[in-house]
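Q: turn this into a structure:
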Amino acid sequence: QVQLVESGGGLVQAGGSLRLSCAASGRTFSSSAMGWFRQAPGKERDIVAALDWSGYSTYYAESVKGRFTISRDNAKNTVYLQMNSLEPEDTAVYYCAGRRWRDWRRGQSDYVYWGQGTQVTVSS
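A: The predicted structure is shown next:
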């Protein structure tokens, strides 16, 4: 069993940066692929970025490529999402998610562990 707790959300002006953290408990974190999803009001939850157990294989949604970076520190049981050049369209609740397997996937149903979410608001 893995429990996930996100932190680092907040209010930022367009063009600014935020770094989200997701602290995981449980022995299986280092062998689990992880992902970040987001859900804006009235919209579906979509994947933002994902990485495999080692951190070497990553995926980014087109809308965030070149602006966001996902990374992990297995020694600290933590996954990060560095968000730069933020836009008002990035406003959403951001969720950390974990799989039981090592390779990343893009679908919500592929992730079994979820955090409670952290709000990111980007003002114009």
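
Q: only C-alpha atoms from now on, for both contacts and neighbour counts.
A: OK.

Q: separation between the residue positioned nearest the centre of the chain and Gly98?
A: The residue lying closest to the centre of the chain (CA atoms, centre = their mean) is Trp36, at 2.3 Å. Distance, Trp36 to Gly98, using CA to CA, to the nearest Å: 9 Å.

Q: mind checking how far the residue lying closest to the residue nearest to the centre of the chain once chain neighbours are set aside is from Arg45?
A: Closest residue to Trp36 apart from its sequence neighbours, by CA to CA, 6 or more residues apart in numbering: Cys96 at 4.7 Å. Distance of Cys96 to Arg45, given as CA to CA: 12 Å.

Q: higher neighbour count, the two?
A: Higher neighbour count among Cys96 and Arg45: Cys96, with 32 against 17, using other CA atoms under 10 Å.

Q: in a strand, that's where that one is, yeah?
A: Yes: counting by DSSP: H, G, I helix; E, B strand; the rest coil, one finds Cys96 located in a strand.

Q: ok, it touching Gln119?
A: No: counting by CA atoms under 8 Å, Cys96 does not reach Gln119; the two are 11.9 Å apart.

Q: nothing else from me, thank you.
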